[in-house]
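K.L.:
Got a predicted structure plus its sequence, pasted below:
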Amino acid sequence: MITPEVLVDANPVEAKNQGNRPTCLAFAIADLNRRFADEELGPEFFYRATIALIPNWEPGDGLQISAAVTASALGHPVERLFPYLDHEPEVPLEALPNHLDLYGHPVQFTEADIGWLISNMQAQKAVGLALRLTLEFYQPQDGVISFSEAVLPGTMVHAVVAVGLGYDSDGEPWFLIRNSWGAAWGLDGHAWVSSTYIAAHAACAFGVVHGSTD
């Protein structure tokens, strides 16, 4: 039983669905910047701005952190004006439009220190996590991801957003994460993951400047 202590979202963002594309980081960073706009921000513009910086990028390759940091300085248009697509862009890439209003702040990456995560949650600041996945991650039970040491072979690191903090009966911290696999995953696209899981399987954490990392 996990007792919530902090829920960052007063008005929770609906869990989106990235579909069959390697766009989880774009969804997570757009999610972290949602607070700076009056309507939903779209991940497509940021994704395309990032892959344009990756030499010899091909559809399905996904993103690189260094390129994502640079591209995040541009900001994000609202989803309504630059919507997400269900397929990867073709190469050569089309130039991005330069007439859109862009919102949000650049992303910063850091170690996934549990104390740092707790302090961000207590300050009502959402934080991104890049996790190595286990089978249990794909199958949350009653909104809870059980711990396993066995990372699935061949899986890429997956980005999610931590939006809550709670504790179990033993006093272990747990974090409520929002995924980008649609509302059918977990509880409306959310699930609790333990600090043990994060300590074992998090590649890094990330937040936005003047947002989650201040």
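P.N.:
Yep, it's here.

K.L.:
in the helix or strand where Ser66 lies, what counts as buried?
P.N.:
Take DSSP states H and E as the rule and Ser66 turns out to sit in helix 65-72. The neighbour-count check on helix 65-72 (16 or more other Cβ atoms under 10 Å) flags Ile65, Ala67, Ala68, Val69, Ala71, Ser72 as buried. C-beta coordinates here come from the backbone N, C-alpha and C atoms, glycine included.

K.L.:
now swap in stretch 142-159 and tell me
P.N.:
Buried-residue list, stretch 142-159, by 16+ other Cβ under 10 Å: Val144, Ile145, Val151, Val157, His158, Ala159.

K.L.:
Contacts for it next, please.
P.N.:
Stretch 142-159 is contacted from outside by 2, 22, 24-25, 27-28, 62, 128-137, 180, 186-187, 190-194, 196-197, 200-201, 203, 206, using Cβ atoms under 8 Å, 6 or more residues apart in numbering.

K.L.:
Can you pull out the low-pLDDT segments for this protein?
P.N.:
Residues of the chain meeting the criterion pLDDT under 70: 10-12, 210-214.

K.L.:
sorry, back to before: using PDB, write down the CA coordinates of the helix holding Ser66.
P.N.:
Extracted in PDB, the C-alpha atoms of helix 65-72 (Å, rounded to 0.1, in the frame of the first residue of the first chain):
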ATOM      1  CA  ILE A  65      20.900  13.600 -25.300                       C
ATOM      2  CA  SER A  66      23.300  16.200 -26.600                       C
ATOM      3  CA  ALA A  67      21.100  17.000 -29.600                       C
ATOM      4  CA  ALA A  68      18.000  17.200 -27.300                       C
ATOM      5  CA  VAL A  69      19.700  19.700 -25.000                       C
ATOM      6  CA  THR A  70      20.500  22.000 -27.900                       C
ATOM      7  CA  ALA A  71      17.100  21.600 -29.600                       C
ATOM      8  CA  SER A  72      15.200  22.200 -26.300                       C
END
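
K.L.:
Report the secondary structure state of the most centrally placed residue in the chain.
P.N.:
Residue closest to the average C-alpha location in the chain (Cα atoms, centre = their mean): Ala28, at 2.6 Å. Secondary structure state of Ala28, per DSSP: H, G, I helix; E, B strand; the rest coil, is helix.
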